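Colleague: could you work out the structure for the sequence below:
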Amino acid sequence: MKPLKFYLITDTHYFKNSLGAYGKEYEDFMDSEQKCFAETQSINEATFKYLETADEADILLIAGDLTFWGERECHRDFTRLLHEFKEKSGKKIYVVTAGHDFNNNAFGFNENGRFPIETAEFSELYDLYKDFGYSDAIAFNKDHLSYVAQLSDDVRLLVICNDIESEKHITYDGEFLGWIKEQAQKAQADGQMMIAMEHYPVLPGQPVLALVKDAWQDESNKLVETLADNGVHLVFTGHMHNQSINVTKTEKGNLFYDVCTGSVIGWPSFIRLVTVEDESTVDIKSIQTPEFEWDRKGLTSKEYLIAQFEKMIRTLITAMRDDPERFLRKVGIKKTPANIKLFSTIGKRLNKLTVGQFAHLLLVSADKSIKKDSFVEFAVNLVRSIFEGNQPYVEGTPEGDLLLKVFKRLSPFFKKMKDSQGNHLDFYETMKHTAGNYGIDDYNATIKLK
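Modeller: Sure, this is the predicted structure:
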């Protein structure tokens, strides 16, 4: 088998800047956004310019959420960018669409505030992206905008979309799982290796994200078994804007890996370079997205994106104190007088705490090297690391040892914790592996599929 290489990006969230992204309401909106908005056109253009001359692979995969909110004009501009890239580079492009790409309440901003922008319908997506996977597919499921592409003489790509005309982020029914199984078995019969791409993570990017329904594919165990037990051991995903590589094993003993990649237009912002060495070995490298043209106030692109990410977390923490109604709205907790009072009180305390004082509240101790650190900054770094991957707060570090003591102290209160799909979770183990990475390197790894 000849090795195959390709690049992968995801969550491009392209927004045509001239549609409107400025004004006071825009600035307020961006206080609590992880991803950029006004800058997305510039970021995408810089990324595609880099990939145009990147010479290690001639294939590009894009794992969904192509536009910010499915604005029809943004689709037109983004596909123009894809066509130009394809023509100049000679590279092939394969995309999957996702929930941000159709039927949304899209908006822009100007001096008068927020205004609506017309969005595309699901039925329009085929014609918009037919030249980027659909039209030359060797198998196609139009209801799901899913397809099979021949990437090389030996490798096929199964692209699966969990949106349909009437619904987003659906649970795959027996009929569609049957179609997936059919394609996987056909690949086996033809002596082909098959890999997959879906927008939504099939495995939670980090253990704690299993609590969030929107963070991973519904009834993922059925999809994992359908794929892995029929020879498909690897899927590339996006959606959660985090860097992670996770693995599980089916009851039949087959391995299944989910490689999730951060968004192009928000930190962590990376390109994957994937080398399929043979049927059982895949090498994954991560490349930071390039510098983009913008008034970044003297910051590098990386520093600029991190600053936006951290502003989102700080805004949330300070909103707990200063605007508890906004905090409740952002985290999805019901707005009641009792909740407003409770979280306002908590917010006032948290924003003053040191790490040592936080530890004291939970009757544990913190290492003297971090006792005087701001708890808010500690929390910001922790949250950022969860999305960045390769979380550093492992056993043996001052921060990791403190968190493990906190998790142990809180464990009795979460004995009945379940994930969003009803599976029991061990609180201590869930939080331990969320705060620290004890497994696969989330950026650069060689994985064994069998």
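
Colleague: neighbours of the residue nearest to His199 when sequence neighbours are not counted, how many?
Modeller: Excluding the flanking residues, the one nearest His199 by Cβ to Cβ, 6 or more residues apart in numbering is Gly64, at 3.0 Å. Every C-beta, even on glycine, is put in place using the N, C-alpha and C of the backbone. Residues lying near Gly64 (other Cβ atoms under 10 Å) number 25.

Colleague: and Gly64, what does it touch?
Modeller: 10-11, 95-98, 100-101, 161, 198-199, 238-239 (Cβ atoms under 8 Å, 6 or more residues apart in numbering).

Colleague: and Asp127, that's in a helix?
Modeller: Yes: using DSSP: H, G, I helix; E, B strand; the rest coil, the assignment for Asp127 is a helix.

Colleague: if I look at it, how far off is Phe387?
Modeller: 35 Å (Cβ to Cβ, to the nearest Å).

Colleague: what's the neighbour count on Asn103?
Modeller: 18.

Colleague: what do you get for Phe375?
Modeller: For Phe375, using other Cβ under 10 Å, the count is 20.

Colleague: enumerate every residue touching it.
Modeller: Leu350, Leu353, Thr354, Val355, Gln357, Phe358.

Colleague: okay if I get those residues as JSON lines plus pLDDT, secondary structure and distance to Phe309?
Modeller: Supplementary listing: those in JSON lines, determined by pLDDT from 0 to 100; DSSP: H, G, I helix; E, B strand; the rest coil; distance: Cβ to Cβ, whole Å:
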{"residue": "Leu350", "pLDDT": "85", "secondary structure": "helix", "distance to Phe309": "19"}
{"residue": "Leu353", "pLDDT": "93", "secondary structure": "coil", "distance to Phe309": "22"}
{"residue": "Thr354", "pLDDT": "96", "secondary structure": "strand", "distance to Phe309": "23"}
{"residue": "Val355", "pLDDT": "96", "secondary structure": "helix", "distance to Phe309": "21"}
{"residue": "Gln357", "pLDDT": "95", "secondary structure": "helix", "distance to Phe309": "26"}
{"residue": "Phe358", "pLDDT": "94", "secondary structure": "helix", "distance to Phe309": "22"}
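
Colleague: separate out the buried members of those residues.
Modeller: Neighbour counting over the contacts of Phe375 (16 or more other Cβ atoms under 10 Å) leaves Leu350, Leu353, Thr354, Val355, Phe358 as the buried ones.

Colleague: how much space between the first one and Asp401?
Modeller: So the one you mean is Leu350. Taking Cβ to Cβ, one finds Leu350 at 21 Å from Asp401.

Colleague: any weak-confidence spans in the stretch 51-200 of the chain?
Modeller: For the stretch 51-200 of the chain, no stretch has pLDDT under 70.

Colleague: tell me the secondary structure for the closest residue to Asn230 other than its chain neighbours?
Modeller: For Asn230, ignoring the flanking residues on the chain, the nearest one in space by Cβ to Cβ, 6+ apart is Ala184 at 3.8 Å. Here Ala184 is recorded as helix under three-state DSSP.

Colleague: Ala184: neighbour count?
Modeller: What Ala184 shows, counting by other Cβ under 10 Å, is a neighbour count of 23.

Colleague: does it touch Val232 like I think?
Modeller: Yes: between Ala184 and Val232 there is a contact under Cβ atoms under 8 Å: 5.0 Å.

Colleague: overlap in contacts, the two.
Modeller: Common neighbours of Ala184 and Val232 (Cβ under 8 Å, 6+ apart) are Leu158, Met194.

Colleague: which ones are touching Lys432?
Modeller: Glu395, Leu403, Leu404, Phe407, Tyr438.

Colleague: phi, psi for the third one please.
Modeller: The main-chain torsion angles of Leu404 are listed as degrees, to the nearest 10 and equal phi -60, psi -40.

Colleague: many thanks, I have nothing further to ask.
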